[in-house]
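J.: structural data only, the sequence is not supplied:
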């Protein structure tokens with residue numbers, strides 16, 4: 001089976017960039033800031049593949065580049081270089097060669113994103129149901145009754161009371177805001193979902209409910225996911241394979257159980273030991 005997503009050499013550099021940027025940054029230099037020009041190497045030469053229905057974890061500390069990877073793939077940021085192929089049935093999309101309209105179509109129809117900060121994923125000026133309706137309208141569902149029914153189904157699916165459909169997300173708790181984000185992301189039944197630190201800052205009981213929901217979705221819908229987190233517990237529960245990043249580089253990759261039980265890199269060993 002061919003991967004649904006194949007990423008090669010993904011690089012994102014903030015700043016003017018110079019010939020020394022990649023040579024003078026990374027784990028061996030303990031920095032992702034180029035000493036020659038001051039550019040920040042957010043991600044460098046990141047390569048991986050994702051199978052249909054698979055959950056891939058990307059873990060690392062703040063500033064490791066893990067969020068940059070998914071934000072680039074979701075077109076929130078443009079890469080400095082690299083390639084990414086998204087396979088959707090018989091169609092192959094070269095993500096970084098698409099024009100703006102083509103990228104927006106994939107965002108609205110075939111991808112879903114759940115951000116750590118709900119302000120990035122939700123419109124707080126409209127109701128919870130309205131947020132889902134926005135996405136449904138982009139997908140040619142324009143009958144008011146059908147939209148409202150579908151929004152109710154999605155909110156119920158994500159453990160949000162339908163009676164609160166017409167309330168603004170700003171009246172919700174952080175956990176409920178995340179569940180509305182998930183409902184919105186699932187509105188189009190996307191084959192690929194990006195999850196960026198979705199449990200950070202939430203109470204443990206709320207975290208557990210959201211993680212259970214993610215696993216249920218993956219099991220029922222067969223959605224492929226990339227889960228970005230610094231929490232090894234999240235990685236252990238969700239991801240079958242994992243990439244470990246530091247200073248913009250992938251320093252270790254493999255089966256999650258193997259990485260967590262027998263980490264090869266000193267940095268990964270420190271991460272695992274810090275949770276024991």
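T.: Ah, there it is. These numbers come from a predicted model, not from an experiment. Numbers count the residues shown, from 1 in each chain.
J.: quick one: the lengthiest helix in the chain to chain centroid distance?
T.: Scanning the chain for the helix with the most residues, using DSSP state H, yields helix 204-221. Between the centre of helix 204-221 and the centre of its chain there are 15 Å (CA atoms, centre = their mean, to the nearest Å).
J.: go on, stretch 148-159?
T.: Going by CA atoms, centre = their mean, where stretch 148-159 is centred and where its chain is centred differ by 22 Å.
J.: in it, what counts as buried?
T.: Residues 148, 150, 151, 152, 154, 155, 157, 158 are the ones in stretch 148-159 that count as buried (16 or more other CB atoms under 10 Å). The C-beta positions use only the backbone N, C-alpha and C, and glycine is treated the same way.
J.: with adjacent residues omitted, what lies nearest to residue 237?
T.: residue 211 (5.6 Å; CB to CB, 6 or more residues apart in numbering).
J.: that neighbour: how many residues sit nearby?
T.: 18 (other CB atoms under 10 Å).
J.: distance check, it against residue 6.
T.: In this view, residue 211 and residue 6 are 27 Å apart by CB to CB, to the nearest Å.
J.: now do the same end-to-end measure for stretch 84-97.
T.: 9 Å (CA to CA, to the nearest Å).
J.: contacts for it, please.
T.: 2-8, 10, 73, 75, 78-79, 82-83, 102-103, 106, 110, 191-192 (CB atoms under 8 Å, 6 or more residues apart in numbering).
J.: just the buried ones from those residues?
T.: By 16+ other CB under 10 Å, the contacts of stretch 84-97 give 3-7, 10, 73, 75, 79, 82, 103, 106, 110, 191-192 as buried.
J.: which among those gets closest to residue 253?
T.: residue 7 (12.0 Å; CB to CB).
J.: distance between the strand or helix carrying the closest one and the chain's centre?
T.: Counting by DSSP states H and E, the element that carries residue 7 is strand 5-14. Strand 5-14 sits 15 Å away from the centroid of its parent chain (CA atoms, centre = their mean).
J.: run through the neighbouring helices and strands of that strand.
T.: strand 40-50, helix 66-73, strand 81-88 (3 or more CB pairs under 8 Å, 6 or more residues apart in numbering; DSSP states H and E).
J.: pLDDT weak spots in the stretch 1-150 of the chain?
T.: 140-142 (pLDDT under 70).
J.: where do the strands of it begin and end?
T.: 5-14, 40-50, 55-59, 81-88, 91-94, 111-114 (DSSP state E, counting those that start in this stretch).
J.: mind putting those into TSV with distance to residue 247?
T.: TSV is the format used below for those (distance: least, CB to CB, whole Å):
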stretch	distance to residue 247
strand 5-14	13
strand 40-50	8
strand 55-59	14
strand 81-88	17
strand 91-94	28
strand 111-114	25
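J.: still on that earlier bit, now tell me what touches the strand holding residue 7 from outside.
T.: 21-22, 39-50, 65, 68-69, 72-73, 77-87, 192, 224, 226.
J.: next: stretch 187-194.
T.: In contact with stretch 187-194 (CB under 8 Å, 6+ apart) are residues 4-5, 50, 52, 70, 73-74, 86, 88, 108-114, 132, 135-136, 138-139, 150-151, 154, 185-186, 217, 221-226, 228.
J.: just the buried ones among the residues you listed, please.
T.: Counted by 16+ other CB under 10 Å, the contacts of stretch 187-194 give 4-5, 50, 70, 73-74, 86, 108, 110-114, 132, 135-136, 150-151, 154, 185-186, 217, 223-226, 228 as buried.
J.: hey, what's the residue nearest the centre of the chain bridged with?
T.: Nearest to the geometric centre of the chain sits residue 194, at 2.7 Å (CA atoms, centre = their mean). Beta bridges link residue 194 to residue 113, residue 226, judged by DSSP bridges.
J.: tell me the pLDDT at it?
T.: Looking at residue 194, its pLDDT stands at 97.
J.: likewise for residue 276?
T.: 58.
J.: all helices of the stretch 101-250 of the chain, in order?
T.: According to DSSP state H, counting those that start in this stretch, the stretch 101-250 of the chain carries its helices in the segments 118-121, 128-137, 144-157, 174-186, 204-221, 232-238.
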